[in-house]
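1. Need a 3D model of the following:
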Amino acid sequence: MPQSIFYNGNIYTLDSENSMVQALAVRDGRILATGADGEILRLAHDQTRLIDLRGHAVIPGIFDSHIHVLQIGVKLTRIRLDECRSPGEMAELVHARAQETPPGQWIIGEGWNEARFDAARLPTRADIDWATDRHPVMLQRFFNTDLVNSVALRLAGITRHTPDPHQGRIEKDADGEPNGLIRAGAKPLVRDLLPQPTRDELVAAFRLAQEELHSFGITSALDPGLYPWEMRAYAAAYRQDQLRLRMNIMPSWHGFHEDETEAQLNARARELGVNSGLGDEWLRLGGLKMAIDGGTSPHTAFMYEPFEGESVVHDFNRLSTDNLLAYFGAAQELGWDVGIHVCGDRALDMVTAAFAQVARDIPWPDARHSAIHAYFPSPEALARMAKHNVAAVIQPTFLYWEGDDIFRDVGRYRAANYKPARAYLDHGVRVMASSDAPSTVSANPFPALYALVTRKNNLGHTVAPDQALTREEALRAYTINGAWLTREERLKGTLEPGKVADFVVLDRDYFTVAQEEIKEICPLMTVLDGLAVFEA
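-> Numbering: from 1, shown residues only. Next comes the predicted model:
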C-alpha cells in the first residue's frame with residue numbers, strides 16, 4: 001500500500017515512450033505505481049498522504065553529471081564575485097570582508113570573469129591592493145586563473161625572478177614584476193598556503209550546497225576530482241545521515257591536480273582494491289577523474305591551430321599518448337571508469353585514440369568512460385567515441401553564461417563545432433548534461449536546458465544552431481543519461497515503478513511553454529526519496 005500519492009499532475013515519466021501520467025504512488029522511497037488519477041487513488045488507504053499537484057508539470061529529478069558540490073558549499077562561505085562588473089567592484093567586496101576578518105587571515109573570493117566586466121580586461125593586484133594590506137587575498141576566476149594581492153605574493157615568495165612552473169604561468173607587468181595573476185600549474189604556489197577546511201567544515205559546506213541544489217530541482221550529482229580528505233568528508237556526511245543528494249564521487253587521478261605525485265595516484269587506483277560502482281543509492285564511487293589540457297577562455301586547451309589573435313599553438317598538454325595508454329589501460333584492468341577533462345580538438349583526438357587502443361587491447365564491453373567538456377570533436381573522434389562507448393559530458397551552462405566568449409577565443413568557424421550535442425547524438429554517442437559549478441555562474445539546469453534546445457547564450461546570440469536538441473533529448477541528458485554513466489539506470493533517471501521517487505514539480509510545463517520561457521522555469525517542489533526537500 002502506498003505511503004503517499006501525488007495526483008492531478010502532468011507527470012512526464014521519460015520512460016522509453018516518454019509517457020505522461022496524472023499520478024504516482026510512493027512507498028519506502030520507491031515509485032509503487034503510475035497512471036491515471038482514478039487508478040492510482042484507488043490504491044490509497046487511511047494513512048496515505050494525498051498531495052494535489054494542481055495540474056503542474058512534473059519531471060524526473062535532475063542529475064548533474066559534473067558538478068563540484070563541496071566547492072559550491074565552500075564558495076557559499078566566500079566572497080561571491082560572479083556578478084561583479086569591474087575589478088573595482090571586486091575590490092570593494094574585499095574591502096568590506098577585510099573589516100570583519102582578523103588580520104593575517106586569508107580572504108578568498110570565487111567566480112570572477114573578465115568577460116562580464118563593463119570594460120573587458122583582466123584585473124591585476126593593482127586593482128585590489130588598496131582594499132587591504134593586512135590580509136592575503138586570493139580571488140579565483142571561474143576557471144584556471146587566480147588573482148592574488150601583494151601580501152599573498154610575499155607570503156608565497158613570488159618575485160620577478162620566480163620561474164614559471166611546469167604548465168603554469170606567473171603573469172608580469174610592464175616592469176617585469178608579478179601582476180597578481182597566477183595561471184594553471186602556477187596556482188599551487190599560492191594555493192598550497194591556504195588552510196585546508198576541516199572535515200566538519202566540509203560536511204557543513206555540503207549541507208549548504210545541497211540546499212541550493214534542491215532549489216534547482218537537482219536530486220543527484222557527480223562530484224569529480226576529489227582529494228582523499230574530500231572523499232573522507234563525504235564518508236562522514238554519509239555516516240551522519242546528512243546526504244540529501246544522491247552522490248557519485250570521482251577520486252582525482254593523473255593530470256587533474258598539480259600537487260599530487262605519480263606514486264600517490266598509482267596507489268589510489270590499485271591499493272584499495274575497489275573500483276567504479278561500489279556503494280549504495282546515496283553514496284557511490286564513480287570513475288577516476290583525469291585531465292589532459294586546460295580551457296578555451298585562458299587559451300590553455302590543446303588545439304591544432306592557434307587561438308584567435310595569436311600566432312602560435314600553446315603546447316598545454318598534461319599527458320602524453322604513452323601516459324594515456326598506460327593510465328587508461330590500468331583503469332581498464334582494474335575495473336575503473338575514467339572521466340577525463342578534455343577541451344581542445346587536438347587533445348580530444350589524443351584521448352579518443354587512446355581509449356580506442358585500450359578497448360582493443362583490454363576488452364571491457366561495459367566500460368563507461370567519458371570525455372568531459374569535449375568541445376570540438378573531429379569526425380574521427382566521433383566515430384571512436386560511438387564505437388567504444390565513450391560518453392560526452394558537456395556543460396550547456398557554459399554555452400549560456402559565457403556569452404560570446406567562444407567567438408572571441410576560437411573564431412566563428414571553430415565555434416560552429418562547439419559542444420555539438422546534435423552531432424554526438426546523431427553519431428550514437430551518449431550525451432550527459434552538467435553545470436561544472438562553481439566554474440560557472442549557476443548550477444540552475446533550466447538556462448542550460450534552454451541553451452541545449454535553442455543554442456542561445458545569455459546575450460540572445462546563437463552558437464552553432466544546427467546542434468540544437470529536442471526538449472526530450474535535452475532533458476534525458478540531464479536525467480537518465482547521467483544514471484547510465486554511473487551504472488544506475490535501473491535505479492533512477494525516469495519515473496517508473498521500482499525506481500526511486502525523485503522528481504521536480506515545475507511552475508510551468510517544460511514541454512509546452514514557449515522556448516524563451518524554458519530558462520525562466522522554477523521548481524515549486526523538489527521531491528527526494530518520496531519526501532519534499534524543497535518547496536518554493
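2. drop to CA atoms for contacts and neighbour counts, all remaining ones
-> Fine.
3. In which helix or strand does Ile31 reside?
-> Counting by DSSP states H and E, the element that carries Ile31 is strand 30-35.
4. Give me the contact list for that strand.
-> Here strand 30-35 makes contact (CA atoms under 8 Å, 6 or more residues apart in numbering) with 2, 21-26, 40, 495-501, 529-530.
5. Return the members of these classed as buried.
-> 2, 21-26, 40, 495-496, 498-501, 529-530 (16 or more other CA atoms under 10 Å).
6. In helices, which of those fall?
-> Ile40 (DSSP state H).
7. Against Phe216, how distant is Leu208?
-> Using CA to CA, to the nearest Å, one gets 13 Å for the distance from Leu208 to Phe216.
8. Look at these two and report which has more neighbours.
-> Phe216 (24 against 19; other CA atoms under 10 Å).
9. What separation do you get for the more buried one and Lys519?
-> Using CA to CA, we find Phe216 at a distance of 12 Å from Lys519.
10. repeat for Pro447
-> According to CA to CA, Pro447 stands 4 Å off from Lys519.
11. Compare those two (neighbour count), which wins?
-> More neighbours surround Pro447 than the other of Pro447 and Lys519, with 25 against 18 (other CA under 10 Å).
12. what helix or strand is that one on?
-> helix 445-454.
13. Could you give the average pLDDT over that helix?
-> Helix 445-454 carries an average pLDDT of 99.
14. One more: stretch 254-261?
-> For stretch 254-261, the per-residue pLDDT averages 72.
15. That stretch: end-to-end distance?
-> End-to-end for stretch 254-261, by CA to CA: 9 Å.
16. Repeat that for stretch 130-137.
-> Using CA to CA, one end of stretch 130-137 lies 11 Å from the other.
17. go on, stretch 119-131?
-> Span of stretch 119-131 from end to end, CA to CA: 21 Å.
18. Show me the contact partners of it.
-> Identification of contacts with stretch 119-131 by CA under 8 Å, 6+ apart yields 86-88, 90-92, 94-95, 98, 114-115, 147-150, 179-181.
19. Just the buried positions in it, please.
-> For stretch 119-131, the neighbour count (16+ other CA under 10 Å) marks Pro123, Thr124, Arg125, Asp127, Ile128, Asp129, Ala131 as buried.
20. Point out where the stretch 151-300 of the chain drops to low pLDDT.
-> 255, 258-259 (pLDDT under 70).
21. now the helices for it?
-> All helices of the stretch 151-300 of the chain, identified by DSSP state H, counting those that start in this stretch, fall at 188-191, 199-215, 228-239, 262-270.
22. what number of residues lie near the closest residue to Leu449 other than its chain neighbours?
-> Nearest non-adjacent residue to Leu449, counting by CA to CA, 6 or more residues apart in numbering: Ala474, 6.1 Å away. Ala474 has 23 neighbours, counted by other CA under 10 Å.
23. Quick check, Ala474 in contact with Val453.
-> Yes: the pair formed by Ala474 and Val453 meets the contact definition of CA atoms under 8 Å, at 6.8 Å.
24. Relative to Thr470, which of the helices of the stretch 151-300 of the chain is closest?
-> Across the helices of the stretch 151-300 of the chain, the minimum distance to Thr470, taken as CA to CA, is reached by helix 199-215, at 24.5 Å.
25. Tell me the buried residues in that closest one?
-> Residues 199, 202-215 are the ones in helix 199-215 that count as buried (16+ other CA under 10 Å).
26. ok, which pair from these is furthest apart?
-> Spatially, the most separated pair among the buried residues of helix 199-215 is Arg199 and Ser215, at 24.9 Å (CA to CA).
27. what does stretch 174-187 rub up against?
-> The contact list for stretch 174-187, computed with CA under 8 Å, 6+ apart, reads 123-126, 144-150, 153, 158-160, 164-173, 258, 294.
28. How about stretch 193-206?
-> By CA under 8 Å, 6+ apart, the residues outside stretch 193-206 that reach it are 69-74, 76-77, 106, 156, 229-230, 232-234, 236-237.
29. Point me to the residue sitting closest to the centre of this structure.
-> Nearest to the mean C-alpha position of the chain, by CA atoms, centre = their mean, lies Asp436 at 2.1 Å.
30. What pLDDT is listed against it?
-> 96.
31. show me what contacts the closest residue to His257 other than its chain neighbours?
-> Spatially, and ignoring its direct neighbours in sequence, His257 is nearest to Gly225 (7.9 Å; CA to CA, 6+ apart). Residues near Gly225 by CA under 8 Å, 6+ apart: Met250, Pro251, Ser252, Trp253, Phe256, His257, Leu288, Lys289, Met290.
32. and with 10 Å instead?
-> 66, 68, 231, 249-254, 256-257, 287-291, 339-341 (CA atoms under 10 Å, 6 or more residues apart in numbering).
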